[in-house]
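K.L.:
A predicted structure for the sequence below; I have some questions about it.
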Amino acid sequence: MTQKEPATQSAVLHRDTHFIPRKAIGGKGCYIFLEDGTKFLDSTGGAAVSCLGHGHEEVQHAIINQMSQLSYCHSAFFGTEVSEELGRFLTESTGGKLSKLFVVSSGSEAIEAALKLSRQYFLELPTPEPQRTRFIARKPSYHGVTLGALSVGGHTSRRAPFEPILSDNTSHVSPCYPYRGKEPNESDAEYVSRLAAELDAEFQRVGPDTVCAFVMETVVGASLAALPPVPGYLRAIESVVRKHGALLILDEVMSGMGRTGTLHAWEPEHVVPDLQAIGKGLGGGYAAVSGLLIHERVVGVLDRGSGVFRHGQTYQGHPVGCAAALAVQKVIHRENLLGNVREMGAYLGETLRKRIGGCPYVGEVRGRGLFWGIEFVKDRTTKEPFPLETGVAGLIQETGMDPRFAISLYAGNGTVDGVRGDHVLLAPPYNVTKEEVDLIVRKAGEVIEAVFERLKVEGKR
């Protein structure tokens, strides 16, 4: 676990000023090595980032080679071949439908760029629509920590401290969350139709011609625990968005770049977004890199208008980030790791359900590819969540950090309404083996059992 030391012992502002985290000194494959000798099983890839695991030599060499050529140049003056090659690789992976790539350094930055570009799109139309200033998103979505991304997000507890300084131009509709959202005896088709009607009503309420875009995670990550959409949902949502002339922004920062079994999480849904934010699995953690893929229709409007995206950053198109991303994506493609994501992902889901699905405090095990979530409930029949003060997800993550278990279980809360509700995520690397999946499931089960046994003893369940 973490070690409690005075804040003066570190010059770093850690995530919790009362604790200094144990130091990681190395990593290889699924493991991170700590200075105290612990071999830590990184079953979440950090925050679903390390898609090739740690210490991948081919990626490291690509980064070193790029640094030996050129580490940095400002995109206002120069371009680089590595950024052009990455752009070609990613746009071709969409069949050319998303025809341009804008490279930045974090998921939050990619969302900020998407919001601004969607606004500029309507200003650059042959007949401009300057009244389009609003966004519609979903509850309890999470799209990033910057003020614009946090404003469009719908996660109540993350928003709360900053609510007075957030933009008020976003409204939120219900997520596609059948575990809690479907009515008894309601079919998937009926549920999808109801959600689409809710979105349509929200467009009508705020004024259809005032909305720039609808924003959603294709497969929801940190806020709803690896929640894939019901079949037909994305098509129905796209139809409503197109009806009102708005753009569709898909946030695939966590779920994209192969995490759910296809390079783009929208592929099984057969819906191509106008703007797609990518990150985490793009560079696999080997460099800070993210991006925005842009549909040809948006590019065309910009090209026929000013030709200038009024948004730029110092580290935009950073050569080292591009080199890392390109190397990671080449490995995924050459080694057919998406096939392994699908095969091992199905096995992970199956073994998780067998190992912990019967636990009286596991409400649902869900996911797609190598992206799985476990939602915890106090009562499986009523689906009542644990009291906020119990902090179940945090206890599970903290217990996993104990050297007895030494496994990462990525905690999340607010699952039910942005405040109440607990879950954890699992997101192992795309090259994970069957034996490693078995180990992950065994350790995760042991941690969960230990936590609920502790709560039973303490009388907190």
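P.N.:
Sure thing, it's come through. Numbers count the residues shown, from 1 in each chain.

K.L.:
quick one: Ile332 from Leu370, how far?
P.N.:
12 Å (Cβ to Cβ, to the nearest Å). Every residue, glycine included, has its C-beta placed from N, CA and C.

K.L.:
Tell me which of the two has more neighbours.
P.N.:
A count of neighbours by other Cβ atoms under 10 Å puts Leu370 above the other of Ile332 and Leu370, at 33 against 22.

K.L.:
any idea how far the more buried one is from Arg194?
P.N.:
Counting by Cβ to Cβ, the gap from Leu370 to Arg194 is 31 Å.

K.L.:
and this protein, what are its domains?
P.N.:
Per the record, the chain has its domains at 24-55+337-458, 57-335, by the TED database.

K.L.:
what's the closest non-adjacent residue to the residue positioned nearest the centre of the chain?
P.N.:
Ranked by distance to the mean C-alpha position of the chain (Cα atoms, centre = their mean), the top residue is Met254 at 2.2 Å. In space, and not counting its chain neighbours, Met254 is closest to Gly221: 3.5 Å by Cβ to Cβ, 6 or more residues apart in numbering.

K.L.:
What about that neighbour, how many residues nearby?
P.N.:
Using other Cβ under 10 Å, Gly221 has 27 neighbouring residues.

K.L.:
How about Asp303?
P.N.:
Here the count is done by other Cβ under 10 Å, and Asp303 has 12 residues near it.

K.L.:
likewise the one 4 residues further on?
P.N.:
When neighbours are defined as other Cβ under 10 Å, Gly307 has 8 of them.

K.L.:
swap in the one 5 residues further on?
P.N.:
Other residues within reach of Gly312, judged by other Cβ under 10 Å, total 14.

K.L.:
That one and Arg420, how far apart?
P.N.:
In terms of Cβ to Cβ, Gly312 sits 41 Å off from Arg420.

K.L.:
Check Lys182 too.
P.N.:
Here the distance between Lys182 and Arg420 works out to 19 Å (Cβ to Cβ).

K.L.:
Can you tell me what sits against stretch 260-276?
P.N.:
By Cβ atoms under 8 Å, 6 or more residues apart in numbering, the list of residues contacting stretch 260-276 from outside reads 93-94, 97-98, 114, 117-118, 213, 218-219, 228-229, 233-235, 238, 247-250, 252, 255-257, 259, 292-295, 297-298, 332, 338, 341-342, 345, 368-371.

K.L.:
one more time with 7 Å
P.N.:
With contacts defined as Cβ atoms under 7 Å, 6 or more residues apart in numbering, stretch 260-276 is touched by 93-94, 97-98, 114, 117-118, 218-219, 229, 234-235, 238, 247-250, 252, 255-257, 292-295, 297-298, 338, 341-342, 345, 368-369, 371.

K.L.:
Could you do stretch 417-428 as well?
P.N.:
Contacts of stretch 417-428 (Cβ under 7 Å, 6+ apart): 30, 43-45, 48, 139-140, 154-157, 225-226, 259, 370-376, 385-386, 388, 392-393, 396-397, 409-415, 436, 440, 444.

K.L.:
So which of those sit within strands?
P.N.:
Judged by DSSP state E, the subset of the contacts of stretch 417-428 located in strands is 371-376, 410-413.

K.L.:
picking up where we left off before, looks to me like the residue nearest to the centre of the chain is in a strand.
P.N.:
No. Assigned with DSSP: H, G, I helix; E, B strand; the rest coil, Met254 falls outside any strand and is coil.
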